[in-house]
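Participant: pasting the sequence and the predicted coordinates here, then a few questions.
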Amino acid sequence: MLRVSATIAASFHLAACAAEQSPPPRSPLIAGLGHAQVLERSRETEALTFADFTADWCEPCRDMERHTWPDPRIAEWLARRSAVVYSVRFDPDTMAAPLDIQGIPLVIAYRRGRELDRLPSRRSADEVLAWFETVAAGKTHVDALRQAAASLGGTGRPEEAAARFELVSALVRTGRFDQAAPELVWLWQNRPLLAGAPASRRDSPAQLPQLIRQTVEARPDTRAVFDALRNPADADDFLILSDALGDSRAIADWFDRLPDPASHKDRIASHRAALWSALIAERRYTAALRLTELFVPATTYARNRLAPNDPVRRVLAPAERARVLAEARPEIADLYAALLVAHRDDDAARVADLLIRALDDADSRLALVQSALRAGAPRASHRAWLDQVRGRDIAALRAELEAALKPSPSP
């Protein structure tokens, strides 16, 4: 018995060593070519050619390179079809607009230099293989999604909502907004089902407003369909849908009509970004300041928003940290303007000082002056900020400031 046990143990040990020494599966991705070169290769063959757009900063892309592409079934499928997958480094500046790429990961299928279909987002090996078969059969990703949604139609299950969400996402991405509109209406009316979808689609309800916004912007004639879904009796839904429709007046009016905003703090907090944007867009600076100070004083809010020692910012690379701070610039400049409107110039000066300390650049100084002018609250001190701006053509802004500072003629 001991001899048998020892033999078994030795076998396990040898197997473990062999597993440790065996090389990882080889990825079929071919690197080193640009998109133009991939197209040229595609024109030279009848076989399918795939371009996988990736970047070092794209973590979902890295995940696919580690777990999806090395799957041996993918290499086997490509070999059987004499197909190839090229890894193309994605450059947003030169590729996003010309190729209509809204995000990566993204795989594009070509034959003879002609685009056949696209597969967006992070995908498993099973999903990639299913898409390969779809393209090889002369169909598209949207065709497969439509078929999957139809097979679940009328079941009233979370899986149906998840399938229809996948379909509508693809319809919007491919510009088929007229087909997307009725699907979006169904999904909006069945959001509880979508919330119960598989874990991989749990964020879908939060993405619906953006899809609605894209559809209405591209096809204004669909706006009435979504407008009819707004229910003022359900404040959360009303605010979310109004934001998706870009109806800043409706959102600002909702806030202004609250008799006691303090009693609605939880709801206001969950919609703060939309409320702030709407109030500023409608130039209701007093209400915007009231919104901010419902939670903390304006100067404290600005300090927290720009805090260099924020735990999240401390782990960011300097360039990324600067980008996050720059994203806060417009909001802080508008907060500065709201304080000026309220004649709280001392607090406004503190907020401006916080912004300039965090981002000591021309953009910050210009943003402060521009926000103040939009709010109708110019100050003579703004001249000094413009004097500090170098290398920019600000003659028009300077003239606007001088005109705004000019005393009104006596009656």
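Facilitator: That came through, no problem.
Participant: low-scoring stretches of this structure, by residue?
Facilitator: Flagging of the chain using pLDDT under 70 yields the residue ranges 1-25, 197-203, 308-316, 410-411.
Participant: would you list every one of the strands in it?
Facilitator: Here the chain has its strands, by DSSP state E, at 29-30, 49-54, 84-89, 106-111, 114-120.
Participant: most tightly surrounded among those?
Facilitator: Stretch with highest mean neighbour count among the strands of the chain: strand 49-54 (a mean of 25; mean count of other C-beta atoms under 10 Å). (Each C-beta comes from the backbone N, C-alpha and C, glycine too.)
Participant: what packs against that strand?
Facilitator: When contacts are defined as 3 or more C-beta pairs under 8 Å, 6 or more residues apart in numbering; DSSP states H and E, strand 49-54 sits against helix 35-43, strand 84-89, strand 106-111.
Participant: one more time with 6 Å, if that's ok
Facilitator: strand 84-89, strand 106-111 (3 or more C-beta pairs under 6 Å, 6 or more residues apart in numbering; DSSP states H and E).
Participant: and the strands of the chain as a markdown table, adding distance to Leu171?
Facilitator: Listed next are the strands of the chain as a markdown table, based on distance: least, C-beta to C-beta, whole Å:
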| stretch | distance to Leu171 |
| --- | --- |
| strand 29-30 | 29 |
| strand 49-54 | 21 |
| strand 84-89 | 25 |
| strand 106-111 | 16 |
| strand 114-120 | 12 |
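Participant: Arg398: which of those is closest?
Facilitator: strand 84-89 (42.9 Å; C-beta to C-beta).
Participant: care to break the chain down by domain?
Facilitator: Following automatic domain parsing, the chain resolves into domains at 29-138, 140-229, 299-404.
Participant: Leu194 reaches Ala161, doesn't it?
Facilitator: Yes. Look at Leu194 against Ala161 with C-beta atoms under 6 Å: they come within range, at 4.2 Å.
Participant: who's more crowded, those two?
Facilitator: Set Leu194 next to Ala161 and count neighbours by other C-beta atoms under 10 Å: Ala161 wins out with 26 against 23.
Participant: how far away is the more buried one from Ile101?
Facilitator: Distance of Ala161 to Ile101, computed by C-beta to C-beta, to the nearest Å: 28 Å.
Participant: mind listing the helices for the stretch 51-200 of the chain?
Facilitator: 59-63, 72-81, 92-95, 125-136, 141-152, 158-173, 177-189, 191-195 (DSSP state H, counting those that start in this stretch).
Participant: likewise the stretch 201-350 of the chain?
Facilitator: Going by DSSP H, counting those that start in this stretch, the stretch 201-350 of the chain shows helices at 204-218, 223-227, 235-244, 248-256, 265-270, 272-281, 285-292, 298-306, 311-314, 318-341, 345-358.
Participant: and of those, who's closest to Thr54?
Facilitator: Among the helices of the stretch 201-350 of the chain, the nearest to Thr54 by C-beta to C-beta is helix 318-341 (19.1 Å).
Participant: which neighbouring elements make contact with the closest one?
Facilitator: helix 285-292, helix 298-306, helix 345-358, helix 362-374.
Participant: how does it look with 8 Å?
Facilitator: For helix 318-341, the packing partners by 3+ C-beta pairs under 8 Å, 6+ apart come out as helix 285-292, helix 298-306, helix 311-314, helix 345-358, helix 362-374.
Participant: by contact count, what packs against the fourth one?
Facilitator: Packed against helix 345-358 by the contact rule (3+ C-beta pairs under 8 Å, 6+ apart) you find helix 298-306, helix 318-341, helix 362-374.
Participant: with distance to Ser248 as extra columns, can I get the ones you listed in TSV?
Facilitator: TSV is the format used below for the helices and strands packed on helix 345-358 (distance: least, C-beta to C-beta, whole Å):
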stretch	distance to Ser248
helix 298-306	21
helix 318-341	13
helix 362-374	14
